[in-house]
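Peer 1: Give me a model of this one.
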Amino acid sequence: MSALQQLRTMTTIVADTGDLAAIERLKPIDATTNPSLITKALIHPDNEAVLSETMSRHRDDIDAVIDELTIQIGCNILSLIEGRVSTEVDARLSYDTQATIDKALAFMEAYQKAGIDSERVLIKMAATWQGIEAARYLETQGIHCNLTLLFGQHQAIACADAGVTLISPFVGRILDWQKRQQNRQNIPVSDDMGVQSVKLIYQYYKQHGYKTQVMGASFRSTEQILALAGCDLLTIAPDLIDELAAMDIEVTRQLSESMSMDMTDMTRVSLSAEEFSSAYQQDTITQDLLPKGIDGFIGARDELAHMLASMRS
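Peer 2: This is a model prediction of the structure:
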């Protein structure tokens, strides 16, 4: 079996793309989207008619256009996969709990009108304290959430405590940060702080019986991916999925619940808002990468808005 086939026996593979052709070819269980991926999907010729029709319905409201297109692409993706799609809330709402809740409810209503079972949708938002609190409420309403832009253990602890369905720790962005801080071009996977972060989160969750799933994200290499073989889920860009499919090597499981139980016990904690804030202030990686990540998602949405506005004019 290829490395990809072996990995699939240990881990749920998620396609990190909005490209319908790639999803149809790769046949992942789940898929995830963000504004950058949606922009790439919309400029595909096959989506020209959908784009034109949606814009004609919302002539004076670009945000409404983006939201409707987001749902349409989500529905298109779901027609090609067996599992779930992650649909991202506008990153401008990352520090507003109620606005995030309202947007999530609107998204779920739109999916339900399109005949999509709520079990097949994950609402994705940044793992700020406000985003986590929004997810806490949404989960009580049967709406499953994917907390993204997760870089620190304190974020992971708060997400599990809130009962969120899924978290997406960003492996590659932590490695990028590590390279800048240490002024190193190449870091072996054994020293990779992004990989180590996911392993610690996974260990903590399994030792304490949390149901929250861990989905490693933002990979830079197949080495990072294989170092997390056995993680609940891994969301991988199509080019890296293709690399794994072409690799003829033996894949060794790196993570499992039983392996976590054999490791050093990690103390279970629960964080108040003040404790979460204090942990954030002490976590230089999250302080640097979380705001930049939110700004990046906002920028990607702004680019999409500008593209749509120029098409209208």
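Peer 1: CA atoms for contacts and neighbours, from now on please.
Peer 2: Fine.
Peer 1: In stretch 14-23, which residues are buried?
Peer 2: In terms of neighbour count (16 or more other C-alpha atoms under 10 Å), stretch 14-23 has its buried residues at 14-20, 22-23.
Peer 1: Among the residues you listed, find the lowest-pLDDT one for me.
Peer 2: Comparing pLDDT over those, the lowest score belongs to residue 18 (77).
Peer 1: tell me which of the buried residues of stretch 14-23 is nearest to residue 140?
Peer 2: Nearest to residue 140 among those, counting by C-alpha to C-alpha, is residue 14 at 25.2 Å.
Peer 1: Touching, that closest one and residue 240? I think so.
Peer 2: No: with contacts counted by C-alpha atoms under 8 Å, residue 14 stays clear of residue 240, the gap being 11.7 Å.
Peer 1: Give me the below-cutoff pLDDT ranges for the chain.
Peer 2: 37, 41, 44, 47, 312-313 (pLDDT under 70).
Peer 1: Next, the distance between the ends of stretch 82-96.
Peer 2: 32 Å (C-alpha to C-alpha, to the nearest Å).
Peer 1: Could you report the separation of residue 130 from residue 77?
Peer 2: Residue 130 is 29 Å from residue 77, where distance means C-alpha to C-alpha.
Peer 1: Residue 29 now?
Peer 2: In this view, residue 29 and residue 77 are 11 Å apart by C-alpha to C-alpha.
Peer 1: ok, and the closest non-adjacent residue to residue 6?
Peer 2: Distances taken as C-alpha to C-alpha, 6 or more residues apart in numbering put residue 251 closest to residue 6, at 6.3 Å, once the chain neighbours are dropped.
Peer 1: give me phi/psi at that neighbour?
Peer 2: With angles defined as degrees, to the nearest 10, residue 251 sits at phi -100, psi 130.
Peer 1: mind listing what's buried in the lengthiest helix in the chain?
Peer 2: The single longest helix within the chain, with elements called by DSSP state H, is helix 284-312. By neighbour count with 16+ other C-alpha under 10 Å, helix 284-312 contains the buried residues 285-286, 289-290, 293-294, 297-301, 304-305, 308.
Peer 1: before we move on, what about stretch 182-193?
Peer 2: Neighbour counts over stretch 182-193 (16+ other C-alpha under 10 Å) mark 189, 192-193 as buried.
Peer 1: repeat for stretch 209-218
Peer 2: Counting neighbours by 16+ other C-alpha under 10 Å, one finds that the buried residues in stretch 209-218 are 210, 212-218.
Peer 1: thinking in terms of the whole chain, how far from its middle is that stretch?
Peer 2: 10 Å (C-alpha atoms, centre = their mean, to the nearest Å).
Peer 1: Show me what that stretch is in contact with.
Peer 2: By C-alpha atoms under 8 Å, 6 or more residues apart in numbering, the residues outside stretch 209-218 that reach it are 159-160, 163-173, 198, 201-202, 205, 228, 231-236.
Peer 1: and the end-to-end length of that stretch?
Peer 2: Termini of stretch 209-218 sit 26 Å apart (C-alpha to C-alpha).
Peer 1: Same question for stretch 210-217.
Peer 2: Using C-alpha to C-alpha, the end-to-end distance of stretch 210-217 comes to 20 Å.
Peer 1: again with stretch 107-123
Peer 2: End-to-end distance of stretch 107-123 (C-alpha to C-alpha): 8 Å.
Peer 1: can you check stretch 224-242 too?
Peer 2: Using C-alpha to C-alpha, the end-to-end distance of stretch 224-242 comes to 15 Å.
Peer 1: hmm, back to that, more neighbours: residue 130 and residue 77, which one.
Peer 2: The residue with more neighbours, out of residue 130 and residue 77, is residue 77; 25 against 20, by other C-alpha atoms under 10 Å.
Peer 1: Residue 211 versus that one, what's the distance?
Peer 2: Residue 77 sits 26 Å away from residue 211, going by C-alpha to C-alpha.
Peer 1: likewise residue 93?
Peer 2: According to C-alpha to C-alpha, residue 93 stands 26 Å off from residue 211.
Peer 1: what do you get for residue 237?
Peer 2: Separation of residue 237 from residue 211 (C-alpha to C-alpha): 26 Å.
Peer 1: Stretch 109-129 spans what distance, first to last residue?
Peer 2: Using C-alpha to C-alpha, the end-to-end distance of stretch 109-129 comes to 25 Å.
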